[in-house]
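Peer 1: sequence and predicted model, in that order:
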Amino acid sequence: MTATALVPRRPRKARSVRTIAIINQKGGCGKTTVSINLAATLAAQGHRTLLVDMDPQAHCAMGLAVPDAQIERSTSDLMRAGLDGSLAVADIVWQISRNFDLAPSTIQLAGIEQQLSGAADRDRRLSQVLSTVQQRYDFCVIDCPPSIGLLTFNALRAADEVIIPVETGYFALQGSVRQEQTIEMLARRAGHRVRFSVLATMYDVRTKLAREILSELKRQFAGKLLPVVINFNSKLKEAASFGQPITEYDAASRGMADFERLYAWLMANPPQPPSMEEFEAAGVGAEASDPLIATSSPPRNAAMSRAAELVERARALSARTAAISARLSADEDMIAEDLNEPARPPVRVDADLNPLTRAGDDRPTIGSNVQVRERLNSVYGVRPTTQGLLFVQPADMARRMAIAGDFNGWNPERTPMIANEQLGVWQACVPVPPGRYQYRLVVDGQWVADPYNEKTESNPYGEVNNVIEIA
């Protein structure tokens, strides 16, 4: 069976690059072999494929006979440039064969983590540059370094799915569970739900140890273990030594058949991001959930009517906003007193609001969600004070919050928000001179717009920044 006769090509839908990251912090498990030959098999089946080498050891270039001395620009240059317009993906790729391009690495990639240490988007550089080639490729395969750091984190954020190659040896088995836990921890930090699959590699069916380890992998990983294996095959090693993928070196070999089966499984099982329930069950859900949706609400009484429930929610909400407003006004009074400046008038929020209109009651009432939001906007969000820009967000919005803006070099680590448990809010005050500023919230590591500030402007990444002016 040849590589071109396995599966007929399906009609292309709307353009979207399917990105597969090959990750394992242990070396010698076959990451580069899987990366090169999976990419080559995809290309041989007619899919336009990009192989991205994120390993400073540059084994992809070596395994595809790309001369190291002739690589003028590489993934390190691409990561350094980001979206500044000075370098594009097309400027660094090498065409290996029809439908198969390589973005090579060099040893310079080893220093990129230090070079990007001050960049606010350092963990998203790869996903940003890959977003510019959506129309050019069908698949992207990322070969990751044998370590957990910024390079692997970038690959994880860019990926739709992760394949973890695990060799069927004793020491690999001992660390396989830890590998999965580490990568899922990275996904939690990234707030990125992604499918994980474990691929058994270097499998020698003739040995009892390999058979027992494969059986143990099935027990440990259950449905996450792919139903195909990459057998120990001398042709795969020979192909690498000649600088060729197995598709070119020996398309009739057992190694080629293994990658054809892997390809067939991937095509038959496109990635479906795990549900939130599955994600949380794996210990990855809390920080990946949408903080703007996962808000808390008072306990429900089964006998409570809808109207009564709205009343209780509005009362709790208004009491909370009244307390926050009073505290913030008091804080400003103290600041103004210290600076011998007049205090701002406090924001008035009624302490008892009923969402149902009450005849004969001249107090303000809440009759719709719009009015609730208007009152929240008077407390949450950002406003100028005599001390600077005062940022306030609900405490139940996140576990960690920070502010990134042009006033701090878009570095959220410089402006963390402080939790005020008494008021149930996150707070931060940024001293800035008069002017016009843009910012975004960083909620559990995920960059989002401030839902309590309607003034926004589009940014170069297709998202929006919030805007605030201080006179």
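Peer 2: The structure has been received and is ready for your questions. Residues are numbered from 1 along each chain as shown.
Peer 1: wait, E161 sits on N269?
Peer 2: No. Judged on C-beta atoms under 8 Å, E161 makes no contact with N269 at a distance of 9.5 Å. C-beta: built from backbone N, CA, C; applies to glycine.
Peer 1: any low-confidence regions in the stretch 201-350 of the chain?
Peer 2: 273-350 (pLDDT under 70).
Peer 1: before we move on, the earlier item: E161 and N269: which has the busier surroundings?
Peer 2: Neighbour comparison, E161 and N269: the larger count goes to E161, with 18 against 13 (by other C-beta atoms under 10 Å).
Peer 1: contacting residues for the more buried one?
Peer 2: R18, T19, I20, A21, V194, R195, F196, S197, P271 (C-beta atoms under 8 Å, 6 or more residues apart in numbering).
Peer 1: what's the most distant pair in these?
Peer 2: R18 and F196 (15.4 Å; C-beta to C-beta).
Peer 1: rewinding a little: need the contacts of E161 in JSON lines (columns: distance to T386 and secondary structure).
Peer 2: Putting the contacts of E161 into JSON lines (distance: C-beta to C-beta, whole Å; DSSP: H, G, I helix; E, B strand; the rest coil) gives the following:
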{"residue": "R18", "distance to T386": "53", "secondary structure": "strand"}
{"residue": "T19", "distance to T386": "49", "secondary structure": "strand"}
{"residue": "I20", "distance to T386": "53", "secondary structure": "strand"}
{"residue": "A21", "distance to T386": "49", "secondary structure": "strand"}
{"residue": "V194", "distance to T386": "46", "secondary structure": "coil"}
{"residue": "R195", "distance to T386": "51", "secondary structure": "strand"}
{"residue": "F196", "distance to T386": "51", "secondary structure": "strand"}
{"residue": "S197", "distance to T386": "56", "secondary structure": "strand"}
{"residue": "P271", "distance to T386": "52", "secondary structure": "coil"}
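Peer 1: and those residues, which are buried?
Peer 2: Buried residues within the contacts of E161, counting neighbours by 16 or more other C-beta atoms under 10 Å: R18, T19, I20, A21, V194, R195, F196, S197, P271.
Peer 1: who does the fourth one form a beta bridge with?
Peer 2: Each beta-bridge partner of A21 is listed here: I142, V162, as defined by DSSP bridges.
Peer 1: need the contact list for it.
Peer 2: Contacts of A21 by C-beta under 8 Å, 6+ apart are I142, C144, A155, L156, A158, A159, E161, V162, I163.
Peer 1: mind checking which of those are buried?
Peer 2: The neighbour-count test (16+ other C-beta under 10 Å) marks I142, C144, A155, L156, A158, A159, E161, V162, I163 as buried among the contacts of A21.
Peer 1: name the residues of stretch 444-455 that are buried.
Peer 2: Buried-residue list, stretch 444-455, by 16+ other C-beta under 10 Å: D444, G445, Q446, W447, V448, A449, D450, P451, Y452, N453.
Peer 1: my guess is the fifth one contacts Y439, does it?
Peer 2: No. Applying C-beta under 8 Å as the test, V448 and Y439 come out as separate, 11.3 Å apart.
Peer 1: and the protein, what are its domains?
Peer 2: 13-281, 306-470 (automatic domain parsing).
Peer 1: looking at these, which is buried most?
Peer 2: domain 13-281 (a mean of 19; mean count of other C-beta atoms under 10 Å).
Peer 1: looking at this, Q95 is in a strand?
Peer 2: Yes. According to DSSP: H, G, I helix; E, B strand; the rest coil, Q95 belongs to a strand.
Peer 1: that one touches V66, doesn't it?
Peer 2: No. Using C-beta under 8 Å, Q95 is not in contact with V66; the gap is 10.3 Å.
Peer 1: what sits against L266?
Peer 2: Applying C-beta under 8 Å, 6+ apart, the residues contacting L266 are I20.
Peer 1: and if we set it to 10 Å?
Peer 2: For L266, the contact set (C-beta atoms under 10 Å, 6 or more residues apart in numbering) comprises R18, I20, L38, T41, L42, F139, E161, I163, S197, L226, V228.
Peer 1: show me what contacts the residue lying closest to G111 once chain neighbours are set aside?
Peer 2: Nearest residue to G111, sequence neighbours excluded (C-beta to C-beta, 6 or more residues apart in numbering): S76, at 7.7 Å. Contact analysis of S76 by C-beta under 10 Å, 6+ apart lists 54, 56, 92, 104-112, 115, 151.
Peer 1: sorry, back to before: and the buried ones among the contacts of E161, which is closest to T132?
Peer 2: Once C-beta to C-beta is applied, the member of these that ends up nearest T132 is T19, at 13.3 Å.
Peer 1: so where does the closest residue to that closest one other than its chain neighbours fall, helix or strand?
Peer 2: In this structure, T19 finds its nearest non-sequential neighbour in C140, 4.4 Å apart by C-beta to C-beta, 6+ apart. In this structure, C140 is located in strand 139-143 according to DSSP states H and E.
Peer 1: no further questions, thank you.
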